[in-house]
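>>> Next comes the sequence, and after it the predicted model I'd like to discuss.
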Amino acid sequence: MPNTPPYHLHHLHLSPSLRRIEARHAGQPLMQRAGLAAADFACELVSELNRPVLVLAGPGNNGGDAFEAARLLRERFFDVTVVFADDAGKLPADAAAAHARFTAAGGSTRCDIPADAHWGLIIDGLFGIGLTRPPTGHHADWISTANRLAQRDNCPLLALDCPSGLNADTGNRPGPCIEATHTITFISGKPGLLTAEGPDHCGRVRVASLDLASDPAISADGHVVSRGDFSAWLQPRRHNSHKGSFGSTGILGGAPSMTGAALLAGRAALKLGAGRVYLGLLDPAGPSVDANQPELMLRPVATLFDAGLQALACGPGLGQSDEAVRHLEQALVSALPLVLDADALNILAVDGRLAGILSSRSAPAVLTPHPAEAARLLGSTVADVQADRIAAAGALARRYACPVALKGCGTVIAAVDGRWWINTTGNPGMATAGMGDVLSGFTATLLAQQWPAKAALLAAVHLHGAAADRLVAAGIGPAGLTAGEVIDAARLLFNEWAGTGRGC
């Protein structure tokens, strides 16, 4: 199945911002509201009233949320077992009050998970966003046991705020981590739920705003990409149009044995609406025509820059030969909007002079690295990039003075001014050769149609994933999904978005 779009999820906050929001509203009953939202969601998930609920409560405020939810579920006649093995006297004030309300209502706790029970629902209230180190001791054991029991009993596993063991800011898990089927996150979305390992541990995400949906004093740190981020540029085509109305897109690449990458990028550009698409192939023995897409104009790379282009994608199958470096420099010193991917990025990573040209050019450019390419560009490692994808994307945008899409699970788009987005469309079927070439073609053709760089990048990334999701929903993939199949699906979807897919 494709990833399910998050529920009421758009604004994203990092942990320091969430702490400030909580402090500003300390006089409001936030924990009671969180417990009520969790209990309401739990009632939706439990299939039968007579199936018992296991609640794991931790030593902090996440444990307080769990106590509130457990008390309310007991009031609704659920059979609730709460496991809590920490010192109630050391709970934070709000969590201690929640614990007191739970016990005053007749609730009790156990020190370990019962070995002989079968569960209708498991609730994880161990750590939420409050832990950045690996869980240890009995908490680590409970996490492993909860994951195993949810599998055994085929029951939902609901995480409160964030699956315990997952870093809510980065999406990394340094140790044992809850594998939730559902997560109810409070106040705002957290980026770690949506990128890196987050989607594999959060399941379906729902946001409970706790009546704090808008706090004008604290703006969102980031956002989830939505169509609204680029809808102003989605316009039906005017009847009085011609091929010159929609730009000439160029593709620079196609070195020996890699012409397929350039062809995929060209086909993607053509089917996303480019008026003309020119491929400059570095392979002297390369094809002169694409038999499957004869509308593409294939030519020797030396003549590409004479084609009157409006935008150029550099990198699909480019290679790193001296000729590739020479033509990449020609692109960088031109006034063309550029998409830089694949070997164009690898050349920039080792050629400081060309990197300097990129960072100082006035014409638009965008970078679309995967984590290994990003690591080369930053002089870092893949592990460092993946440890904080938002920080890595932002560092690239600042260093090269252009918008960046750091590809991967939860692609991060970073702008030069510090703003960032996480894209939630897409699925594991996209982990196959050629997908990045298709994204380059999509982005380049939007640039050729005069879209601003940031809007073009956001739209291309979002569309790319949404098209793949539509294919998987139709039974095409995820295993065996190909980059070429995504092109036609994207064409249909883009026309729907632009309001031209419904006929006259």
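Looks like it arrived, so ask away. Residues are numbered from 1 along each chain as shown.
>>> Tell me the secondary structure at the residue most central in space within the chain.
Centroid-nearest residue in the chain: Gly410, 1.9 Å away (criterion: Cα atoms, centre = their mean). Three-state assignment for Gly410 (DSSP: H, G, I helix; E, B strand; the rest coil): coil.
>>> Tell me how many other residues surround the nearest residue to it once chain neighbours are set aside.
Nearest residue to Gly410, sequence neighbours excluded (Cβ to Cβ, 6 or more residues apart in numbering): Thr195, at 2.8 Å. (Glycine included, C-beta is placed from N, CA and C.) Neighbourhood size, Thr195 [other Cβ atoms under 10 Å]: 27.
>>> With Ala474 instead?
Neighbour tally, Ala474, other Cβ under 10 Å: 10.
>>> do the same with Ser226
Other residues close to Ser226 by other Cβ under 10 Å number 17.
>>> now it, nearest residue through space, not along the chain?
His10 (6.3 Å).
>>> returning to that earlier point: distance of the residue nearest to Gly410 relative to Ser15?
Remark: distance between Thr195 and Ser15 (Cβ to Cβ, to the nearest Å) = 15 Å.
>>> Now do the SS call for the residue nearest to Gly410.
coil.
>>> Quick check: the gap between it and Ser440.
21 Å.
>>> How about Ala397?
From Ala397 across to Ser440, the span is 18 Å (Cβ to Cβ).
>>> more neighbours, the two?
Set Ala397 next to Ser440 and count neighbours by other Cβ under 10 Å: Ser440 wins out with 31 against 24.
>>> Which element, helix or strand, includes that one?
helix 435-448 (DSSP states H and E).
>>> So what are the structural domains in the chain, by residue number?
11-224, 236-498 (automatic domain parsing).
>>> mind checking which of those domains is nearest Phe230?
Comparison of those against Phe230 by Cβ to Cβ identifies domain 236-498 as nearest, at 4.2 Å.
>>> dump the residue contacts of the closest residue in space to Ala349 that isn't next to it in sequence.
Excluding its sequence neighbours, the residue lying closest to Ala349 (Cβ to Cβ, 6+ apart) is Arg376, at 3.8 Å. By Cβ atoms under 8 Å, 6 or more residues apart in numbering, the contact list for Arg376 reads 345-346, 349-350.
>>> Just confirm Arg376 is within a helix.
Yes - counting by three-state DSSP, one finds Arg376 located in a helix.
>>> Tell me how far it lies from Phe102.
In terms of Cβ to Cβ, Arg376 sits 53 Å off from Phe102.
>>> tell me the SS of the residue nearest to Pro256 when sequence neighbours are not counted?
Distance criterion Cβ to Cβ, 6+ apart; nearest residue to Pro256, sequence neighbours excluded, is Asp283 at 4.5 Å. State at Asp283, reduced to three classes by three-state DSSP: coil.
>>> Could you report the pLDDT at Asp283?
If you check Asp283, the pLDDT there is 95.
>>> Ok, the one 5 residues further on next?
pLDDT, Ser288: 93.
>>> what's the neighbour count on the closest residue in space to it that isn't next to it in sequence?
Distances taken as Cβ to Cβ, 6+ apart place Leu298 nearest to Ser288, at 5.6 Å, with adjacent residues excluded. Leu298 has 22 neighbours, counted by other Cβ under 10 Å.
>>> could you pull out the strands for the stretch 351-500 of the chain?
Assigned by DSSP state E, counting those that start in this stretch, the stretch 351-500 of the chain shows strands spanning 365-367, 404-406, 412-414, 420-422.
>>> what's the closest of the ones you listed to Asn172?
Ranking those by proximity to Asn172 (Cβ to Cβ) places strand 412-414 first, at 13.5 Å.
>>> That closest one pairs with which strands, and in what direction?
Sheet pairing of strand 412-414 (DSSP bridges) gives strand 404-406 (antiparallel), strand 420-422 (antiparallel).
>>> can I get those strands in TSV with mean neighbour count, mean pLDDT and distance to Ala57?
As requested, those are arranged in TSV below (neighbours: other Cβ atoms under 10 Å; pLDDT from 0 to 100; distance: least, Cβ to Cβ, whole Å):
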stretch	mean neighbour count	mean pLDDT	distance to Ala57
strand 404-406	29	98	36
strand 420-422	25	98	30
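>>> Pipe these into TSV and attach distance to Ile21 per row.
Listed next are the strands paired with strand 412-414 as TSV, based on distance: least, Cβ to Cβ, whole Å:
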stretch	distance to Ile21
strand 404-406	27
strand 420-422	19
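>>> Can you tell me which of those strands is nearest to Ala489?
Closest approach to Ala489 among the strands paired with strand 412-414 is made by strand 404-406 (19.4 Å; Cβ to Cβ).
>>> List the contacts of that closest one.
Under Cβ under 8 Å, 6+ apart, the answer for strand 404-406 is 366-371, 374, 385, 389, 392-393, 396-397, 411-414, 439, 457, 461.
>>> before we move on, back to that, just give the number of residues close to the residue nearest to Pro256.
When neighbours are defined as other Cβ under 10 Å, Asp283 has 18 of them.
>>> ok so, going back, summarise which helices and strands the helix holding Ser440 is packed against.
Contacts defined by 3 or more Cβ pairs under 8 Å, 6 or more residues apart in numbering; DSSP states H and E place helix 435-448 against strand 248-253, helix 259-271, strand 311-314, strand 338-340, helix 453-473, helix 483-498.
>>> To Ala220, which of the ones you listed lies closest?
Here helix 453-473 is closest among the helices and strands packed on helix 435-448 (Cβ to Cβ), at 15.5 Å.
>>> Quick one: mean pLDDT for that closest one?
Helix 453-473 comes out at a mean pLDDT of 98.
>>> got the CA coordinates for it in CSV?
Taking Å, rounded to 0.1, in the frame of the first residue of the first chain, the C-alpha atoms of helix 453-473 are listed here in CSV:
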residue,chain,number,x,y,z
ALA,A,453,12.7,27.7,-8.5
LYS,A,454,11.2,26.9,-5.1
ALA,A,455,7.7,26.3,-6.4
ALA,A,456,9.0,24.1,-9.2
LEU,A,457,10.9,22.0,-6.8
LEU,A,458,8.1,21.6,-4.3
ALA,A,459,5.6,20.7,-7.1
ALA,A,460,7.9,18.3,-8.9
VAL,A,461,8.8,16.4,-5.7
HIS,A,462,5.1,16.3,-4.5
LEU,A,463,3.8,15.2,-7.9
HIS,A,464,6.6,12.6,-8.4
GLY,A,465,5.5,10.8,-5.2
ALA,A,466,1.8,11.3,-5.7
ALA,A,467,2.0,9.7,-9.1
ALA,A,468,3.8,6.7,-7.6
ASP,A,469,1.2,6.5,-4.9
ARG,A,470,-1.6,6.4,-7.5
LEU,A,471,0.1,3.6,-9.3
VAL,A,472,0.5,1.5,-6.2
ALA,A,473,-3.1,2.2,-5.2
